[in-house]
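Q: Pasted the sequence and its predicted model underneath.
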Amino acid sequence: MNVEEIERLRGELAAFVAEVFASVPRRDQRAKGDCYLRGLMLDGRRKSIQPMAERLPDGDMQALQQFVNQSPWEHAAVLRAVARKTVPIVGPQVWVIDDVSFPKDGKMSVAVARQWCGALGKQANCQVAVSLHAASDTASVPISWRLFLPREWAGDAGRRAKAGVPERVEHREKWRLALDLIDEAIDWGLVPQVIVADAGYGQNTAFRHGLAERGLDFVVAVRSDESAHPHDAVPARPAWSGTGRKPAVRYRAPASSLKDLAAETGRKAYRQATWRKGAKGPMRSRFRVQSVRPAGVAARTQARAQAGGAALWDGVLPAVTLLSEWPVGAWAPTEYWLTSLGEQVPLRRLVGLAKMRWRIEHDYREMKHGLGLDHFEGRTWRGWYHHVTLVTAAHAFLTLRRLDPKALAPA
């Protein structure tokens, strides 16, 4: 948007800010929030504080620096207000868990470390954040965020102090941060939806178990080498001589890979499904739904724990549904998802849920390229959370305008 377009929205934006920043006690702080949101939405190559302040008629770099990096307003309260206002209007069919990376130089920016950087496609110096989004076929919005604190930061008192990392914050695996985000959103009063995630989360047995414990349905991607038994496989106890420890119940045949289980009957088991209309027409492929029993050490450990211990466990691994995709022209299935939804769910709905993760890439692209999500130049924990909260609010404001049939599109 240019300055004239932003000015035409001043009244509408002021009402939005008054509502979602109601938890911020001081009027001058709310005014800075309004100014920062306009800076994020205004055309410009960089959305860091100095260039935004220079572009805005009322921009004050020092005041914005203080508001973002030092002012003690509570970001979670603002995110809660944004989510409560926006999510019901989006009408989500899924909640999507994902993570995003921010390449960084040096080692003093909060939570920066050499780790996998999706933005660069390699190991690199970066920050990583886990995010939760509400998504439908036509719209999506971020709900909340967690900055991943690498292990080397957990015990580094010097860096923690300089970056202002709260004492209560420790290293926590990304899948646990994802569950924390889901719990937080439910505590805010949002209605949970089917959880969708890529293989970085779906591959984790403990993450899937955590969703099941919360009574949440899921459709999560997994790798083809994940091991499982067919649904009809039955464990048995080997013959016991009567001396020594009684052998454990186990499956007679070793587990197979999902790739082998999905391809065992060939293409004939796959049915065509269309999940949405793309820019080049209907998006369709061929899919198969079958029941399997995920195997491996983690799966057995979880099953024993659920049963109350090894002595009480009958050796049967829990069953889930496997959705696999075998596109026309491919030599074998190419994509795999595990889901708590049973085979009775219509194939088109199951595929639509699995494929809805694409909306999140749209969110990241818009927030990075249009709203400066990765342009923050501060180094502190508070500053980082304030910046992503303000970007989330700007994204929500624009999303609400797109969904409002009475809103005039920018010239």
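A: It's in.
Q: Let me see the ranges of the helices in the stretch 201-350 of the chain.
A: Here the stretch 201-350 of the chain has its helices, by DSSP state H, counting those that start in this stretch, at 205-213, 258-263, 297-307, 347-355.
Q: Show me what secondary structure element comes after the last one.
A: Moving toward the C-terminus from helix 347-355, the next helix or strand (DSSP states H and E) is helix 358-365.
Q: For the closest residue to residue 122 other than its chain neighbours, which residues are in contact?
A: Leaving aside its chain neighbours, residue 122 sits nearest to residue 116 (7.7 Å; criterion: Cβ to Cβ, 6 or more residues apart in numbering). For glycine as for every other residue, the C-beta is placed from the backbone atoms N, C-alpha and C. Contact analysis of residue 116 by Cβ atoms under 8 Å, 6 or more residues apart in numbering lists 101, 122-123, 128.
Q: Just the element for residue 116, please.
A: strand 113-117.
Q: and that strand, which residues are buried?
A: Judged by neighbour count (16 or more other Cβ atoms under 10 Å), strand 113-117 contains these buried residues: 113, 115, 117.
Q: repeat for stretch 316-326
A: Neighbour-count burial for stretch 316-326 [16+ other Cβ under 10 Å]: 317, 319-326.
Q: same deal with stretch 63-81?
A: Neighbour-count burial for stretch 63-81 flags 63-65, 67-69, 71, 73, 75, 78-81 (criterion: 16+ other Cβ under 10 Å).
Q: And for stretch 147-155?
A: 147-149, 153.
Q: got any ranges where the stretch 301-411 of the chain has weak pLDDT?
A: Applying pLDDT under 70 to the stretch 301-411 of the chain flags residues 405-411.
Q: hmm, try it at 80
A: 310-311, 405-411 (pLDDT under 80).
Q: Flag the shaky bits of the stretch 151-300 of the chain, pLDDT-wise.
A: For the stretch 151-300 of the chain, the ranges with pLDDT under 80 are 237-249.
Q: those strands in it, which residues are they?
A: With DSSP state E, counting those that start in this stretch as the criterion, the stretch 151-300 of the chain has strands at 194-197, 218-221, 227-230, 235-236, 250-251, 256-257, 271-278, 281-294.
Q: Dump those strands to CSV, plus mean neighbour count and distance to residue 302.
A: Output for the strands of the stretch 151-300 of the chain, formatted as CSV (neighbours: other Cβ atoms under 10 Å; distance: least, Cβ to Cβ, whole Å):
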stretch, mean neighbour count, distance to residue 302
strand 194-197, 27, 17
strand 218-221, 25, 15
strand 227-230, 21, 14
strand 235-236, 13, 16
strand 250-251, 15, 16
strand 256-257, 16, 20
strand 271-278, 14, 31
strand 281-294, 18, 9
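Q: Including distance to residue 356, could these go into CSV?
A: As requested, the strands of the stretch 151-300 of the chain are exported to CSV (distance: least, Cβ to Cβ, whole Å):
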stretch, distance to residue 356
strand 194-197, 6
strand 218-221, 9
strand 227-230, 24
strand 235-236, 36
strand 250-251, 34
strand 256-257, 26
strand 271-278, 8
strand 281-294, 12
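Q: The ones you listed: which one's closest to residue 93?
A: strand 194-197 (7.0 Å; Cβ to Cβ).
Q: Paired strands for that closest one, with orientation please.
A: strand 94-103 (parallel), strand 218-221 (parallel) (DSSP bridges).
Q: Residues contacting it, please?
A: Residues contacting strand 194-197 (Cβ under 8 Å, 6+ apart): 93-98, 135, 178, 182, 207, 211, 216-221, 341, 353-354, 356-357.
Q: roughly how far apart are the most centrally placed residue in the chain and residue 322?
A: Geometric centre of the chain, nearest residue: residue 97, 2.0 Å, by Cα atoms, centre = their mean. Residue 97 sits 20 Å away from residue 322, going by Cβ to Cβ, to the nearest Å.
Q: cool, residue 67 as well?
A: On the measure of Cβ to Cβ, residue 67 and residue 322 end up 50 Å apart.
Q: Flag every buried residue along stretch 173-182.
A: Neighbour-count burial for stretch 173-182 [16+ other Cβ under 10 Å]: 174-179, 181-182.
Q: Counting by contacts, list what the lengthiest helix in the chain packs against.
A: Scanning the chain for the longest helix, with DSSP state H as the assignment, gives helix 381-403. Helices and strands touching helix 381-403, by 3 or more Cβ pairs under 8 Å, 6 or more residues apart in numbering; DSSP states H and E, are helix 10-20, helix 27-41, helix 61-69, helix 75-90, strand 140-147.
Q: tell me the most buried of these?
A: Mean neighbour count (mean count of other Cβ atoms under 10 Å) peaks for strand 140-147 among the helices and strands packed on helix 381-403, with a mean of 24.
Q: average model confidence for that one?
A: For strand 140-147, mean pLDDT rounds to 97.
Q: so what strands line up beside that strand?
A: strand 122-135 (antiparallel).
Q: Report the inter-axis angle for the strand it pairs with versus helix 75-90.
A: 60 degrees (axes from the mean of the first three to the mean of the last three Cα atoms, to 10 degrees).
Q: Tell me how far strand 122-135 lies from the chain's centre.
A: With Cα atoms, centre = their mean, to the nearest Å as the basis, strand 122-135 stands 8 Å off its chain's centre.
Q: Pull out the buried residues from it.
A: So, applying 16+ other Cβ under 10 Å, buried residues of strand 122-135: 124-135.
Q: same deal with stretch 261-272?
A: 261-263, 269-270.
Q: Ok, stretch 211-220 next?
A: For stretch 211-220, a neighbour-count test (16+ other Cβ under 10 Å) marks 211-212, 216-220 as buried.
Q: Now tell me what touches it from outside.
A: Under Cβ under 8 Å, 6+ apart, the answer for stretch 211-220 is 94, 179, 182-183, 192, 194-199, 201-202, 207-208, 323, 337-341, 350, 353-354.
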